[in-house]
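Q: missing the sequence, but the structure's below:
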């Protein structure tokens, strides 16, 4: 609050009066970019190679110069629950001079020069979500990856004023591309396409842009590094992946951390939803229903079944959505029909019937607590 000066014309009783000044609303966010990102616009002279033979891949990789490259991988998605993840299909490598799309799923063997590229710390690999990519590369290809740069952590390190929240919260590549290049990086259904087939032109363009944008964002962020008052240690945003384990240069386990990072104020708490009461039986004035456990014990969840459901809850199903344990007290959420809003029930109004372990598979019935104190 701001203390306003008091003029001589004001009565003495108003002297020192503190008047709250309404805070200004936060500035509007800039509009989302509409121009699509294209590597051809930024580096039109870059050489593009889509490679499906390991010999050709070795030749192309052997010509790469030391430096940092944008890095990404793709694999064929799965659509069945419980189905194992498919192996890596495509590896993308890009800088201002060259873009390589290496479709390793079509090759007879994993290129030896690709192994050398991945493990050589003189080749930096910059990408969004690169931590998970390196683990998958070891799982599928038994490849270690050294000198990896997480672009999300780098952005939070050098541009802390722009990015708040937890340090290890991921920032998507499309979001960073919009912020630093004012371009829209196309995502969508193509990310879930089949990366094991011969790639279509839209797939090739998407894959090339992803890796190239990683390189461009890295260069933009590194150009901001000299302006920092305190120069961060590279460990804040870079790591090695050895046998699927993330580690620093000393071999110790690596965790994302930055002692100089300011996460900003915590987000405001969510307002609780209003608690709705269940209608009583018109004849008895009581709530006529039983609550049963789902599974082996009350800790596994609750389902609510009405003995004499009222008209307003005719569509309620017998499935509990969530619970908040407090000893024997639970807050239960019902899944009603589409025409009804979710109803919450606080079971402090009830008591749990005792039962033996041998009958734990049977539903436990709860009845309304007979008490003069509601």
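A: Structure's in. What do you need? Just so you know, these numbers come straight off a predicted model, no measurement behind them. Residues are numbered from 1 along each chain as shown.

Q: tell me which element residue 80 is part of?
A: Secondary structure from DSSP states H and E places residue 80 outside every helix and strand.

Q: Apologies, that question was intended for residue 209.
A: Going by DSSP H and E, residue 209 is part of helix 201-224.

Q: That helix - contacts with which helices or strands?
A: In terms of contacts (3 or more CB pairs under 8 Å, 6 or more residues apart in numbering; DSSP states H and E), helix 201-224 is packed against helix 39-42, strand 67-75, strand 88-94, strand 98-102, strand 123-127, helix 151-158, helix 173-181. Using the backbone N, CA and C atoms, a C-beta is placed for each residue, glycine as well.

Q: Residue 72 is in contact with residue 92, isn't it?
A: Yes - the pair residue 72 and residue 92 passes the contact test of CB atoms under 8 Å, sitting 4.5 Å apart.

Q: any shared contact partners between these two?
A: 207, 210-211 (CB atoms under 8 Å, 6 or more residues apart in numbering).

Q: could I get these as CSV with pLDDT?
A: Formatted as CSV, the shared contacts of residue 72 and residue 92 follow (pLDDT from 0 to 100):
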residue, pLDDT
207, 98
210, 98
211, 98
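
Q: Out of those, flag the one nearest to residue 128.
A: Closest approach to residue 128 among the shared contacts of residue 72 and residue 92 (CB to CB): residue 210, at 8.8 Å.

Q: Using the record's assignment, carve the protein into domains.
A: 39-247, 289-349 (automatic domain parsing).

Q: Mean neighbour count, those: which tops it?
A: Of all these, domain 39-247 carries the top mean neighbour count, a mean of 18, counting by mean count of other CB atoms under 10 Å.

Q: where in this protein is pLDDT low?
A: 1-28, 275-374 (pLDDT under 70).

Q: at 50 what do you get?
A: 1-22, 288-331, 333-374 (pLDDT under 50).

Q: who wins for proximity to residue 235 among the helices and strands packed on helix 201-224?
A: Nearest of the helices and strands packed on helix 201-224 (CB to CB): helix 151-158, 10.1 Å.

Q: Check which helices and strands the closest one is in contact with.
A: Short answer (3+ CB pairs under 8 Å, 6+ apart): helix 151-158 packs on strand 123-127, helix 173-181, helix 201-224.

Q: who wins for proximity to residue 274 among these?
A: Across the helices and strands packed on helix 151-158, closest to residue 274 is helix 173-181 (CB to CB), at 34.3 Å.

Q: neighbouring contacts of the closest one?
A: Taking CB under 8 Å, 6+ apart as the rule, helix 173-181 contacts 32-33, 37, 42, 127-129, 151-152, 155, 162, 183-185, 187, 210, 213-214, 216-217, 220-221.

Q: can you do 10 Å?
A: For helix 173-181, the external contacting residues (CB atoms under 10 Å, 6 or more residues apart in numbering) are 30-33, 35, 37, 41-42, 70, 72, 127-129, 151-152, 154-155, 159, 162-163, 171-172, 183-187, 209-211, 213-214, 216-221, 224.
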